[in-house]
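**Q** fold the following and give me the result.
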Amino acid sequence: MTSWVKYGTALADVLLAVGSIERRLIDLAVKRVNAIGHAEFTSGELARLLTVMNPLTGEVVTTVSDRAVRKAVRTLKEHGVIEKDSSTLCLHFPADHLSNGTGTRGCRYHGIGARTRRRR
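**A** Numbers count the residues shown, from 1 in each chain. I've put the predicted structure just below:
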């Protein structure tokens, strides 16, 4: 079975207007987004994934703080890339911006298709 990810033209346009961390957040979300446009992460995971390491030495070249991640999420909300209910635990994309045809149809953080809601 082939999986696919759909990008909307509005998302493509915003990619030209936002900074590096925001673009990298979108790249990470593409790998996690499900059929209803939710990309879930654990607490602190985005900051860890956005940290840049030298592939030869394993040294950390650039660290990304949780505060920088929160700011990038806020910027993506302001540009309308992600929904207002998004957080560092779930980047929620409008269905016409980003979705995955083979992903799940639930979100623990938002309590969709799950028995309990994840703590914020």
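**Q** residues touching the most centrally placed residue in the chain, list them.
**A** Centroid check for the chain by CA atoms, centre = their mean gives A29 as the closest residue, at 3.5 Å. For A29, the residues meeting the contact criterion (CB atoms under 8 Å, 6 or more residues apart in numbering) are 39, 91, 93, 98. Bear in mind the C-beta positions are built from the backbone N, C-alpha and C, glycine included.
**Q** okay, and it sits in which element?
**A** Assignment of secondary structure by DSSP states H and E places A29 within helix 20-32.
**Q** tell me the buried residues in that helix?
**A** Of the residues in helix 20-32, those with enough neighbours to count as buried (16 or more other CB atoms under 10 Å) are 21-22, 24-26, 28-29.
**Q** got CSV for those, with distance to A35 and pLDDT too?
**A** What follows is the buried residues of helix 20-32, written out as CSV (distance: CB to CB, whole Å; pLDDT from 0 to 100):
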residue, distance to A35, pLDDT
I21, 26, 89
E22, 23, 90
R24, 23, 89
L25, 20, 91
I26, 18, 87
L28, 18, 89
A29, 14, 87
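**Q** which single one of those is nearest to E83?
**A** Using CB to CB, A29 is the member of these that lies nearest E83, at 12.2 Å.
**Q** looking at the protein, which residue lies furthest from center?
**A** Max distance from the centre of the chain (CA atoms, centre = their mean): T57, 27.9 Å.
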